[in-house]
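1. Quick one: sequence and predicted model below, then my questions.
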Amino acid sequence: MGLEEKIPSGFLLTTVEKLAGYMRKNSLWPATFGLACCAIEMMAVGSAAKYDISRFGMEVFRASPRQADLMIVAGRVSNKMAPVLRQIYDQMSAPKWVLAMGACASSG
């Protein structure tokens, strides 16, 4: 008969370290890579009160790729920009994701 059996249903028993690890694991820290007009829309999402992205854990846009785990590519990537984009992607820590925002980034 442990402590877990005496706790009523609907309660969670954990440690602060496990809770902080869960929150870090399930929140995205985006790095912005704005190349065209879609970058203006991305800045509006990150700074305006109309869109509440902080409830998803994304309110902090990171300037350093080493602190980010999501790269948002907003705009057309040219052949000259591709190596720079790849270098920034390689600097990101794992796990890492890339989101293509807009028609130019999605279709080329």
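-> Thanks, I have the structure now.
2. Look at residue 11 and say how many residues are nearby.
-> 7 (other Cβ atoms under 10 Å). Yep, even glycine has a C-beta here, placed from its N, CA and C like the rest.
3. got a list of what it touches?
-> By Cβ atoms under 8 Å, 6 or more residues apart in numbering, the contact list for residue 11 is empty.
4. Please apply the same query to residue 41.
-> 74, 101-102.
5. Just give me the closest of those to residue 33.
-> Of all these, residue 74 has the smallest distance to residue 33: 6.9 Å, by Cβ to Cβ.
6. any idea how far residue 40 is from the closest one?
-> 9 Å (Cβ to Cβ, to the nearest Å).
7. shared neighbours of the two, anything?
-> In contact with both residue 74 and residue 40: residue 34, using Cβ under 8 Å, 6+ apart.
8. just to revisit the earlier point, looking at the contacts of residue 41, which is nearest residue 21?
-> Distances from residue 21 to the contacts of residue 41, taken by Cβ to Cβ, are shortest for residue 101, at 28.9 Å.
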